[in-house]
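Asks: Sequence first, predicted coordinates after that:
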Amino acid sequence: MRVALALPFLRSGLTRWDGFLSLSAGTQFLFEEQFKLHVLGGEYALPLPDHLALLTAIAEILLPIFLIAGFGARLTALGLLMMTGVIQLVFPDGWMNFHLYWAAIALGIMALGPGVLSLDHWLFKGIVRSVRPGAQ
């Protein structure tokens, strides 16, 4: 589930950069001119589009990497769920093809946790051992 949710965001995040910490002109154009919030039947420009573009580009790289590694997986899944909600407001017709599934996977990760093959599992296991000496 972690990989299934992470990959679309990571692939999108990789397209947002022209080099190290340099947003692509296409990303800047999309956030400034193309992306609009669809709320209550109206279309509204994104607030602070340059800042939002940078924040989105960073989040689309870091959150999927953390999720694949299983580091802070529940919190990371919540972040991607919130991004999915915003994406739904920008692309209201995408709920059937993508957004519903992304939201369901994110909620599943939040409810079930990251699983045994995750940094969270091994870090938490070490914390439990240090709190309860002799615990297996």
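Replies: Yep, it's here.
Asks: from here on, contacts and neighbour counts on C-alpha atoms
Replies: Noted.
Asks: Between the two ends of stretch 68-76, what distance do you get?
Replies: Start to finish, the residues bounding stretch 68-76 are 10 Å apart (Cα to Cα, to the nearest Å).
Asks: switch to numbering from 41
Replies: Okay, using 41 as the starting number, the last item reads as stretch 108-116.
Asks: mean confidence for it?
Replies: For stretch 108-116, mean pLDDT is 96.
Asks: How far off centre is the biggest helix by length in the chain?
Replies: Counting by DSSP state H, the longest helix found in the chain is helix 89-109. Relative to the centre of its chain, helix 89-109 is centred 7 Å away, using Cα atoms, centre = their mean, to the nearest Å.
Asks: list the buried ones in that helix?
Replies: 89-90, 93-94, 96-109 (16 or more other Cα atoms under 10 Å).
Asks: Then stretch 118-134?
Replies: So for stretch 118-134, counting by 16+ other Cα under 10 Å, buried means 118-121, 123-125, 127-130.
Asks: Inside helices: which ones of these?
Replies: Using DSSP H, these in helices are 118-121, 123-125, 127-130.
Asks: The spatially most central residue of the chain: what's it in contact with?
Replies: The structure's the chain has its C-alpha centroid closest to residue 120; by Cα atoms, centre = their mean the separation is 2.9 Å. Contact analysis of residue 120 by Cα atoms under 8 Å, 6 or more residues apart in numbering lists 103, 146.
Asks: Thanks again, I'm all set now.
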